[in-house]
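Enquirer: fold the following for me, if possible:
(chains A and B)
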Amino acid sequence: DSGVTQTPKHLITATGQRVTLRCSPRSGDLSVYWYQQSLDQGLQFLIQYYNGEERAKGNILERFSAQQFPDLHSELNLSSLELGDSALYFCASSVVGTGLGEQFFGPGTRLTVL
Amino acid sequence: GESVGLHLPTLSVQEGDNSIINCAYSNSASDYFIWYKQESGKGPQFIIDIRSNMDKRQGQRVTVLLNKTVKHLSLQIAATQPGDSAVYFCAENTFNDMRFGAGTRLTVKP
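Expert: The predicted structure is shown next:
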């Protein structure tokens, strides 16, 4: 158990819909990272927040957005969902804000868009 | 949860043998590299990291080698055990942008 929690574990929805994925980092970690893992593209970095502020941005679509709240939990919002958004979404946390060092991954949310 | 594409490289080794998993990275400006292990149904797990000013770093039963000349990274696992069976992938970090390799599936035969 990494100490990072993600909810829900599974999510099934339809095209055009909007969903919110939630992540609680390990106690004491200030950074939260979001990743997408699909069968055809592997693991891709989406976005990082550090202590409530956006720190780094990867291959995140404009339809996707994230935020980190004062209690440090984070939410990833996915809107206007397409079939290709079906994937595993992982959250990771770390103490530092640089992207360096060990990141602890949660168990992931499996999103299926029908 | 597997970082598999349709043609994920595989490596099959006998229990007790040493394993070497290779990774070619893309950006010569990358300054930090990580190896991850991902077991079926789980999130990636950090194994070992190395900065670009180093050629080699050792952990417990694992060694990472970095060859910046040819942009190549390798992970050596000593005395491979059945619990090492998983997908292994490397990641390169450039200015806080992390990019991941597709991964190699390691299977350990008892």
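Enquirer: which residue packs closest to residue A:93, ignoring adjacent ones?
Expert: The shortest distance from residue A:93 to any non-neighbouring residue, by C-beta to C-beta, 6 or more residues apart in numbering or on different chains, is to residue A:25 (3.3 Å). Where you see a C-beta, it was placed from the backbone N, CA and C, and this is true even at glycine.
Enquirer: does that neighbour touch residue A:48 like I think?
Expert: No - using C-beta atoms under 8 Å, residue A:25 is not in contact with residue A:48; the gap is 11.6 Å.
Enquirer: find residues that contact each of the two.
Expert: Here residue A:25 and residue A:48 share the contacting residues A:31, A:32, scored by C-beta atoms under 8 Å, 6 or more residues apart in numbering or on different chains.
Enquirer: where does chain B dip in pLDDT?
Expert: B:1-7 (pLDDT under 70).
Enquirer: the residue in it that chain A sits nearest to: neighbour count?
Expert: Chain B approaches chain A most closely through residue B:43 (3.3 Å), counting by C-beta to the nearest C-beta. Per other C-beta atoms under 10 Å in any protein chain shown, the neighbour tally for residue B:43 reads 24.
Enquirer: which ones are touching it?
Expert: Residue B:43 makes contacts with A:2, A:4, A:90, A:92, A:105, A:106, A:107, A:108, B:1, as judged by C-beta under 8 Å, 6+ apart.
Enquirer: identify the bridge partners of the fourth one.
Expert: Beta bridges link residue A:92 to residue A:33, residue A:105, judged by DSSP bridges.
Enquirer: quick one: name the residues of chain A near chain B.
Expert: Within chain A, the positions adjacent to chain B are A:2, A:4, A:33, A:37, A:39-45, A:48, A:55-56, A:58, A:88, A:90, A:92, A:98-108, A:110 by C-beta under 8 Å from any C-beta of the partner chain.
Enquirer: just the ones of those in strands?
Expert: A:33, A:37, A:42-45, A:48, A:55-56, A:88, A:90, A:92, A:104-105, A:110 (DSSP state E).
Enquirer: lowest-confidence one in those?
Expert: Least confident entry in these, by pLDDT: residue A:42, with 84.
Enquirer: correct me, but that one touches residue B:103?
Expert: Yes - with contact defined as C-beta under 8 Å, residue A:42 counts as touching residue B:103 (6.7 Å).
Enquirer: of the two, who's got more company?
Expert: A count of neighbours by other C-beta under 10 Å puts residue B:103 above the other of residue A:42 and residue B:103, at 25 against 21.
Enquirer: okay, now whatever residue of chain A ends up closest to chain B: neighbour count?
Expert: At 3.3 Å from chain B, residue A:105 is the closest residue in chain A, using C-beta to the nearest C-beta. Residue A:105 has 23 neighbouring residues, counting by other C-beta under 10 Å.
Enquirer: so who does it touch?
Expert: Contacts for residue A:105 (C-beta under 8 Å, 6+ apart) come out as A:2, A:4, A:35, A:90, A:91, A:92, B:43, B:44, B:45.
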